[in-house]
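Student: Just to be clear, the model below is a prediction. Sequence and coordinates:
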Amino acid sequence: MVSYSHSKLGTFQQCRYKYKLQYIDKVKVDVPDTVETFMGKLVHETLEKLHKDLKYQKRNSKEELLSFFENLWNEQWTDNVLIVKKEYTPENYREMGKKFIADYYGHYKPFDQWKTIGLETQDFLDLENDHQYHIRIDRLACDKEGNYYVCDYKTNNSLKPQEELDEDRQLAMYSLWVKQKFPDAKNVKLVWYFLAFDKEMVSERSHDQLIELKKSTEELISEIENCQEFPTNVDILCNWCKFKVLCPAWKHEIELEQKTPEQFKDDDGLKMVDALTKLDEQEKENASKIEELREKIIRFAQQKGIEVVWGTEKKAAVKPYDKIEYPKTEEFTRLLRIKGLDVFTINYPKLLSKITKREVDTDILERIKTEQGWMVRLSKRW
Ligand code: SF4
C-alpha cells in the first residue's frame, strides 16, 4: 500500500523538484521550522487540548488555555526558528497565536454546539490500485440532526474565497472517509476556522462531486507515479521551502548571499547577467527609438508628397502596404494553425496573397481585417 496525503499531492502540484527531493529521494535537510509553522503547530495543540479536556468534562478557562500556549512556546522556542518576514519579531507571532486562541474561545464558549468525535485523527481512505489517502482531521464533530463536521484550523494570514473552498480537495476527501465510517451521517459539512479573522467558512459536496473528486485524485496519483521529469517551479513559496539550499534554481543566489561585498561584485555569473541586462535594456530602448523615427519619416514623406527620404549614406523608401489585423487570442492562433497557417508569417505576402485570392476559409476571413499600413525600408544610396 502506498499512501498519499494532502500535502504530498500538494507538493507535487506546487513543485515537482521539491516532490522528488522529499518523497522519492527522501533527502533529509536540517532546516528549522518557520515561525509560521511553529506558531500554527502550538495553536493546533492548544485547541486540541481544549476539546480533548471537554470530552472529560473539564472546561479550561481562557486564561488557562493562554497560559498552556505560552508554556508550550517558552519550552519549544529556539533561536533557530526561521523568521522569513524580517520586519516582525517572535513576540509578534506569539501575540498573534494568543489572539487566535482568545478569539476562538470567546466565539465558541461554552463549546456545546457539537459533540467531538475525533481529534487529530489518524486513518486512511482506500483508493484504487492499492493506494491510500491519509486522513488527519483537526477535529471531527457531529450534532443530533445527523450532521457531521470536518473542522480545520487555519492560522495563516489570508482568507480563502468561498469558490476556492468549494474546490478544496483536502477536507472533501476527508468527507468521503466520514461517509464510509459513519453511515448514519446525513450531511458532512466542511468547516474552516480562519483564526486570524475569527471567521468560520463552510462548504459541502454532493455525492457526484465526491465521486468525481476521488477519480481525479486517483488520476493525479497515477500521473505522479508515471512522472519522469521533475522540474523546479520558482515562485513566492520557495521562501518557505526547506530544499532551497539544494535547489538548482536558488543555489547561485545562496552562494552570492554568502560572499563579501568584493567577492559579490567579482562573481562571473553576476557580471555576465548584469552585462546582458544592460544590453537587453539598450536593445529595447533602441527598438522604441527606431519605431519613433520610422513614424516621423513616414509623416515627413507624406507631408512632402515624396516616396524616398535621402540621408548621407542611406536612403529610406516609404511605401504603403496592406496590413493584416487579426484577433490576438490563443483561440484564433490555434485556428490558424489548424488551417495550416503559420502565425509567425501572418503579416507576410504569402498569407496576404491567400487573403486577396480568398483562399482562406471564411471563418478566418470573417475575423481578419486588412487596412493600409506604411513601411520604411533603408537601403544604400546608389
Ligand atoms: S526552492 Fe522553490 S523551486 Fe526549489 S525545490 Fe523548493 S519550491 Fe521547488
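Tutor: Nice, thanks for sending it over. Numbers count the residues shown, from 1 in each chain.

Student: And the helices in the protein, which stretches?
Tutor: Assigned by DSSP state H, the helices in the chain fall at 6-14, 16-19, 35-55, 62-76, 90-108, 162-166, 170-181, 207-226, 251-257, 261-265, 268-304, 330-338, 349-356, 362-365.

Student: how about N187, what does it touch?
Tutor: By CB atoms under 8 Å, 6 or more residues apart in numbering, the contact set of N187 is 146-148, 204. C-beta coordinates here come from the backbone N, C-alpha and C atoms, glycine included.

Student: re the thing from before, go through the helices of the chain and name the closest to D322.
Tutor: D322 lies closest to helix 349-356 among the helices of the chain, at 5.8 Å (CB to CB).

Student: and that closest one, average pLDDT?
Tutor: Averaged over helix 349-356, pLDDT sits at 72.

Student: residues touching the residue in the stretch 51-200 of the chain positioned nearest to the ligand, list them.
Tutor: Nearest to the ligand, among the residues of the stretch 51-200 of the chain, is V84, at 12.8 Å (CB to the nearest ligand atom). Residues in contact with V84 (CB under 8 Å, 6+ apart) are 34-36, 239-240.

Student: Quick one: buried ones out of the contacts of N187?
Tutor: Y148 (16 or more other CB atoms under 10 Å).

Student: Where strands are concerned, which of the contacts of N187 count?
Tutor: 147-148 (DSSP state E).

Student: Would you reformat the contacts of N187 as TSV and include pLDDT and distance to the ligand?
Tutor: Output for the contacts of N187, formatted as TSV (pLDDT from 0 to 100; distance: CB to the nearest ligand atom, whole Å):
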residue	pLDDT	distance to the ligand
G146	94	43
N147	97	39
Y148	97	35
E204	96	33
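
Student: Now do F332 against N92, distance only.
Tutor: Computed as CB to CB, to the nearest Å, the F332 to N92 distance reads 51 Å.

Student: Ok, Y133 next?
Tutor: For Y133, the distance to N92 - CB to CB - is 36 Å.

Student: Same drill for the two, tell me which one is more crowded.
Tutor: Comparing Y133 with N92 by other CB atoms under 10 Å, the one with more neighbours is Y133, at 25 against 13.

Student: Might one say that that one is in contact with M173?
Tutor: Yes: contact status for Y133 versus M173: in contact at 5.4 Å, counting by CB atoms under 8 Å.

Student: which neighbours do these two share?
Tutor: Common contacts of Y133 and M173 (CB under 8 Å, 6+ apart): 125, 217.

Student: Can you give me the neighbour number for R136?
Tutor: So R136, with other CB under 10 Å, has 15 neighbours.

Student: got a list of what it touches?
Tutor: Going by CB under 8 Å, 6+ apart, R136 touches 5, 120-122.

Student: By neighbours, which of these wins?
Tutor: If you rank those by neighbour count (other CB under 10 Å), T121 sits at the top with 18 neighbours.

Student: residues contacting it?
Tutor: Going by CB under 8 Å, 6+ apart, T121 touches 135-137, 140.

Student: Need phi/psi at it.
Tutor: With angles defined as degrees, to the nearest 10, T121 sits at phi -60, psi 150.

Student: Pull up the gap between it and D138, please.
Tutor: 9 Å.

Student: Domain map for this protein?
Tutor: Partitioning the chain according to automatic domain parsing yields domains covering residues 2-226, 307-380.
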